[in-house]
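[1] Could you work out the structure for the sequence below:
(2 chains)
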Amino acid sequence: MYSFEPSEEQQMLMDAVGKYAQNDLRAAAHDAEESRELPKKLISKGWEIGLLQASIPEAYGGFGDRSAVTGALAMEEFAFGDLAGTLAVMTPSLFATPILLAGSEEQKQEYLPKIIEGDWAPYTAALIEYAYDFDPNDLRTTAKADGGDYILSGEKAFVPFAKDAEAILVYANLDGKTQGFIVPKDAAGLSVSDEREKLMSLNALPLYRVKLDSVKVSADNRLGDASGHDFELILASLRIASASAAVGVAKASFEYSMNYAKERDVFGVKVAQKQAIAFMLAEMATEIESIRLLIWEAAWKLDAGKEDAAKDAYLAVTGAADMVMMVTDRGVQILGGHGYIREHPVEMWLRNGRGFAMLTGLAIV
Amino acid sequence: MSIEFETPKPIAQIQFVLKTVAENMMRSQSRAFDENEHEIPYSYIEFMHNAMRSIGGGSLAPKEEKPAKEGDEKKEKRPPIGYQNLAAQIEMLSWGDVGFYLITPGGGLGAAAVQSAGSAEQRAKFLARFSEEKPTFAAMAMTEAGAGSDTSAIRTRAVLDEATQEWVINGEKIFVTGGDKSFKEYEQFGKGFVVVWASIDPTAGRAGMRAFVVESGTKGVTIAKLEHKLGIRASDTATIALVDARVPYDNILGSPTVEKTTTGFKGAMATFDMTRPLVAASGIGVARAAVEYVKEQLAEQGVQIRYGLPRQKMTAIERDVIEMEIQLRSAWLLVLKAVWMADNKKPNALESSMSKVKAGDVVTKITQKAVEIMGPLGYSREFLLEKWFRDAKITDIYEGTGQINRLVVARQILGYSGKELR
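    Sure, this is the predicted structure:
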């Protein structure tokens, strides 16, 4: 059957996330971006909505089952408020969700309850590397088997909250395959940059470079059992999250610029009454909706265990990156000169928008 | 309810059957009927008519739901999928050949107008013919030389002759898809009709617009011209001239009196909400044919499309093909949402036009790009790709151009009337 209607439960979650995104995240976004600081309280409040908690079974301290569709729906709502805030609130998921998806029973028992039962705590993951052709399936950071241990070497970029992290899930190249390794904060050879990274956007999100200088971890710390795990499912889930967040940002820019166009007087009418602007808005709405459905379908396939889910997740995030670029660029364009001024949020969303082509790895659902 | 994308079994089954039809009855004759415009592929028409009759209908259009009988409550009530099914069928037939699809016998747009704007008696009277022995056609005549998407500029007039209680219609309609097969009397076909839009009160603007069922063979009506087109050549596009054409009183769809509202015209607009996603579906079928052809040809040359790579590592062709797939699928999902809404009786004017905007855009671009990628193979009339390029273009034109549909989408999202956003 085809259906395009979220379930009641999903709708309730969307409403809760949407309310927080609108009232809290959006309200704080401008100052957070300018001051490079996200209030702790804001993150805690978002954490309490329980998006991650609701995706983890009771056996591990949660109260639900993970669904990529539900995650995608929630991410849209979240990122509609503010992208940096969303990524901050959801950072522990970068560590917990791969463990849920691919971890061994021991790893689940050890980490999941302590991450989700308490307050928001900085558990994070390191995937992205500094390379123009960064490819999650062909990492430069390496893992080498060494007796019963693994030796990790390399450098990771854009690792959220790495400075305070209790543990980092580090992805590395083991014999040509991407594998995750749980690296505790005090591991010898692990160093986190003192300075936060400075990107074109996401100023409010503390991101760090992480160096791994022959970091030794035990075989128990390899994600999954002794033979590791399949990275495809994790990557697809990262892609769905990124794509859905792109929809949220695009919707924010679309809605803001549309409302602006309905207020702005020009030649005796509102500027939205000019076809040049109205058609831009119509195309923005169309692109957002069509890519949104592409993401939903990929997420549904992931949940249903369909063979081509991973490929579809890839197509979805690729399409979403283009869509959000197009929409956020027009958001600025519709406001004209005002769009270029930092008093309006559309320029920030444009900077957010450009990031989606390279930021897979900062969120997972 | 929950979000789901599992193709319902009945749809999967009919797609399977139609794929065979497309491959054997359509693709094999595609080129010949493109080169010989205005010839009629009787074999396809006969075959489709018999096939549809054997499964209990004479038309692709969704059947009306039967009212529940007593004792039916125990059966699990399945959600309606009529329009979803129809969109899937149209997509597959158009994948075979969109020109052929357009001359699939049955009511087409004419019957759709009767369905949405006619009374129960009119539906019974005019729609029964499509499941009879001979293939039968119906068409919709709206466009005039001076009135395309601006349908309020329609000049065709219908005047009631009080003495005979007949409508007397005068005017000229152009671009009537299937007009020839619907109106002209062919030995091989049953008696069809054309739904003609005319004004019963020119002072009332759109409120005075009504649709009339003009039966095949009506005196005073002639096929004045058959167009020679860029594509969809197997489908006839007719000019229909009406000179004092007399139509029975009861052939008017909707109220014969004019109120100061636009109810009559809304009938036509409601029809568009149903038909726009179907036109989009058709275009998507053509584009899918093009994408599949490109991928097959590349595979034959040993060129693999590697999914999952960052853009920086892709070849130009990989970028193009992946972009085609993204656009094709996302356009299709918009169609699916629009028809799902239609099936579930949700107002879908926005989604319907969105699906048409998107499909018109992407099928044009996809087929353009496909010809470019294939080079001489794409440009040669020895292969079908150049034909699909020509066929696809109509998607962005008929049933409202891309621009008109942008206007509809814009008005919907902005909450503007036609006056506020012209």
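
[2] For chain A, just list every one of the strands.
    A:2-3, A:123-126, A:142-146, A:149-160, A:167-174, A:177-184, A:190-192, A:207-218, A:265-266, A:269-270 (DSSP state E).

[3] among those, which is nearest chain B?
    strand A:2-3 (4.5 Å; C-beta to the nearest C-beta). Heads up, the C-betas are built off the backbone N, CA and C, glycines and all.

[4] quick one: strands adjacent to the closest one?
    Strands that pair with strand A:2-3, judged by DSSP bridges, come out as strand B:4-5 (antiparallel).

[5] pLDDT averaged over the strand it pairs with - what is it?
    Across strand B:4-5, the average pLDDT comes to 98.

[6] helices and strands around the next helix or strand after that strand, which ones?
    Tracing the chain past strand B:4-5, the next element assigned as helix or strand by DSSP states H and E is helix B:9-21. Helix B:9-21 is packed against helix B:42-54, helix B:82-102, with contacts defined by 3 or more C-beta pairs under 8 Å, 6 or more residues apart in numbering or on different chains; DSSP states H and E.

[7] Now render those as CSV, adding mean pLDDT, distance to residue A:316 and mean neighbour count.
    What follows is the helices and strands packed on helix B:9-21, written out as CSV (pLDDT from 0 to 100; distance: least, C-beta to C-beta, whole Å; neighbours: other C-beta atoms under 10 Å in any protein chain shown):
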stretch, mean pLDDT, distance to residue A:316, mean neighbour count
helix B:42-54, 92, 36, 17
helix B:82-102, 96, 21, 25
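
[8] In JSON lines: these, plus distance to chain A.
    Supplementary listing: the helices and strands packed on helix B:9-21 in JSON lines, determined by distance: least, C-beta to the nearest C-beta, whole Å:
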{"stretch": "helix B:42-54", "distance to chain A": "23"}
{"stretch": "helix B:82-102", "distance to chain A": "6"}
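
[9] okay, the ones you listed in a markdown table with distance to residue A:280 next?
    Output for these, formatted as a markdown table (distance: least, C-beta to C-beta, whole Å):
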| stretch | distance to residue A:280 |
| --- | --- |
| helix B:42-54 | 42 |
| helix B:82-102 | 28 |
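
[10] Ranking the strands of chain A by mean neighbour count, which comes first?
    Stretch with highest mean neighbour count among the strands of chain A: strand A:123-126 (a mean of 27; mean count of other C-beta atoms under 10 Å in any protein chain shown).

[11] separation between the residue in the stretch 101-250 of chain B positioned nearest to chain A and residue B:253?
    Per C-beta to the nearest C-beta, residue B:149 is where the stretch 101-250 of chain B lies closest to chain A, at 13.4 Å. To residue B:253, residue B:149 is 21 Å away according to C-beta to C-beta, to the nearest Å.

[12] higher neighbour count, the two?
    The residue with the greater number of neighbours, taking residue B:149 and residue B:253 and applying other C-beta atoms under 10 Å in any protein chain shown, is residue B:253; the counts read 23 against 15.

[13] For that one, list the residues it contacts.
    Residue B:253 makes contact with B:113, B:114, B:117, B:118, B:122, B:195, B:210, B:211, B:212, B:213, B:267 under the criterion C-beta atoms under 8 Å, 6 or more residues apart in numbering or on different chains.

[14] And the helices in the chain?
    Unless you meant another one, I'm taking chain A. When secondary structure is read from DSSP state H, chain A shows helices at A:8-20, A:26-35, A:40-48, A:68-81, A:83-89, A:91-102, A:105-116, A:231-263, A:275-304, A:309-335, A:346-355.

[15] Switch to chain B, please.
    Listed in chain order, the helices of chain B (DSSP H) span residues B:9-21, B:28-35, B:42-54, B:82-102, B:108-117, B:120-127, B:179-183, B:263-300, B:316-343, B:349-374, B:376-379, B:385-392, B:402-414.

[16] I'd like to know which of these is closest to residue B:229.
    When the helices of chain B are ranked by distance to residue B:229, counting by C-beta to C-beta, first place goes to helix B:385-392 at 8.4 Å.
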